[in-house]
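Undergrad: Requesting a structural model of the entry that follows:
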Amino acid sequence: MVNIGLIGAGRIAHVHANTIAANPNAQLVAIADPYQPAAQELGGRFGATVLSDAKDLFALDNLDAVVICSPTPQHPQHIIAAATAGLPALCEKPIALDYEAAKQLEKDLEGLNPTIMLGFNRRFDPSFAAIKALVDRGEIGQVEQVTITSRDPEAPSPQYVATSGGIFKDMTIHDFDMARFFLGDIVEVFAYGQNFDPEIKKANDFDATMILLRNADGVAATIINSRHCAPGYDQRLEVFGADGVLNADNVRATTVELSTSNFSASKEPYLNFFLERYAQAYSNELNTFLDAIAHGQTPTPNVTDGIKALQIAEAAQESALTGASITLS
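TA: All right, here's what the predicted structure looks like:
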């Protein structure tokens, strides 16, 4: 039985808490969040000890692992605390608020031999994972192009946008990791930012972007993002190879199609948001983490993956602001 401490009591923390509860080999024993009403509600549901400070959680002697769902600026300190306590940790993305802080974290972790997994849950989506397995088996030959489409159903509030770190760190960070999942290290980044929502523009952010990434072998990934999409949560992946192409389409509640004399192949709307669309991915991610620590294995994605995704995000921001292509070392 793996005893888990949870830092944070927001919506992602709820997702992870439900997965822990559904795993017969794990139990949630403690929750730390300074906003006590949320912590008390979540702790009450699962019979977990409720704390207001993460320091008190790390002082407990009955923990085997932690799941970090705190605000992004607190991720480095909580990762360090977990490593210092010898506790494996699953940390939500991004790894830090900026690349400099992420590199400092990497330095601070030296000598601690940490077991840290980053919460890039889309690697664990059944459809995306199946495409990766087929690519690795050589089913479509040499990969030449990857196209990632990710559009949210509606934009967050301007207040959230202003403190989120921007579209590239808050939203596209998942897509940067997905591109690296298929292409490996990225050496060049070009991004074009778009503004259609005046409130998001006032918050000094973009509400849509198109990005081109290239690896050292000349294989390219195109990422298409928007903070709004009338049909719903638009999540698609295409991997094009020398011998074929793989596609993962949007997920709907059912596969039913309706055809009449007025229209054909009408389908249900896309699933509405990430908590629905990626519910299985979040579950697979956490269970992979639990299996890894139970068997003494090193889980992925890891700290390095988090740092490299953040490096791409900052390069994309620079490219969008300057109009220049950015080369990465």
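Undergrad: What's the biggest helix in this protein, counting residues?
TA: In the chain, taking DSSP state H as the definition, the longest helix is helix 303-322.
Undergrad: Off-centre distance for that helix?
TA: Offset of helix 303-322 from its chain centre (Cα atoms, centre = their mean, to the nearest Å): 14 Å.
Undergrad: next helix or strand past that helix?
TA: Later in the chain than helix 303-322, the nearest helix or strand by DSSP states H and E is strand 326-327.
Undergrad: Give me the helices and strands touching that next one, please.
TA: Applying 3 or more Cβ pairs under 8 Å, 6 or more residues apart in numbering; DSSP states H and E, we find strand 326-327 packed against strand 186-194, helix 303-322. Where you see a C-beta, it was placed from the backbone N, CA and C, and this is true even at glycine.
Undergrad: Quick check: which of the ones you listed is buried the most?
TA: Neighbour counts averaged per stretch over those are highest for helix 303-322, at a mean of 22; criterion: mean count of other Cβ atoms under 10 Å.
Undergrad: Remind me what that helix packs against, helices and strands.
TA: Where contact means 3+ Cβ pairs under 8 Å, 6+ apart, helix 303-322 is packed against helix 99-108, strand 116-119, helix 167-170, helix 173-183, strand 186-194, strand 208-215, strand 326-327.
Undergrad: mind listing the helices in the protein by residue range?
TA: Counting by DSSP H, one finds helices in the chain at the ranges 11-22, 36-46, 54-58, 75-84, 99-108, 126-136, 158-163, 167-170, 173-183, 198-202, 274-277, 279-294, 303-322.
Undergrad: Distance to R227 and mean pLDDT added to those, as TSV?
TA: Compiled in TSV, those are given as follows (distance: least, Cβ to Cβ, whole Å; pLDDT from 0 to 100):
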stretch	distance to R227	mean pLDDT
helix 11-22	18	94
helix 36-46	25	96
helix 54-58	31	97
helix 75-84	23	97
helix 99-108	23	96
helix 126-136	21	98
helix 158-163	8	86
helix 167-170	7	95
helix 173-183	13	98
helix 198-202	7	94
helix 274-277	13	84
helix 279-294	21	95
helix 303-322	14	97
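Undergrad: Can you lay out the ones you listed as CSV showing distance to E238?
TA: Formatted as CSV, those follow (distance: least, Cβ to Cβ, whole Å):
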stretch, distance to E238
helix 11-22, 27
helix 36-46, 38
helix 54-58, 41
helix 75-84, 31
helix 99-108, 29
helix 126-136, 9
helix 158-163, 29
helix 167-170, 21
helix 173-183, 11
helix 198-202, 28
helix 274-277, 17
helix 279-294, 18
helix 303-322, 20
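Undergrad: who wins for proximity to G5 among those?
TA: helix 54-58 (4.8 Å; Cβ to Cβ).
Undergrad: how about the closest residue to Q36 other than its chain neighbours, phi and psi?
TA: Closest residue to Q36 apart from its sequence neighbours, by Cβ to Cβ, 6 or more residues apart in numbering: S52 at 5.9 Å. Dihedral pair for S52: phi -100, psi -10, per degrees, to the nearest 10.
Undergrad: So S52 sits against P37, correct?
TA: No. Assessed by Cβ atoms under 8 Å, S52 is found out of contact with P37, at 11.2 Å.
Undergrad: And these two? Which one has more around it.
TA: Comparing S52 with P37 by other Cβ atoms under 10 Å, the one with more neighbours is S52, at 13 against 9.
Undergrad: Quick one: residues contacting the more buried one.
TA: S52 makes contacts with 32-34, 36, 39, as judged by Cβ atoms under 8 Å, 6 or more residues apart in numbering.
Undergrad: for the residue nearest to the spatial centre of the chain, what are its contacts?
TA: In the chain, the residue lying closest to the centroid (Cα atoms, centre = their mean) is F120, at 3.4 Å. Taking Cβ under 8 Å, 6+ apart, we find F120 in contact with 93, 174, 177-178, 301, 305-306, 309.
Undergrad: For it, which non-adjacent residue is spatially closest?
TA: With sequence-adjacent residues excluded and distances taken as Cβ to Cβ, 6+ apart, F120 is closest to D177, at 4.2 Å.
Undergrad: and that neighbour, how many neighbours?
TA: Residues lying near D177 (other Cβ under 10 Å) number 25.
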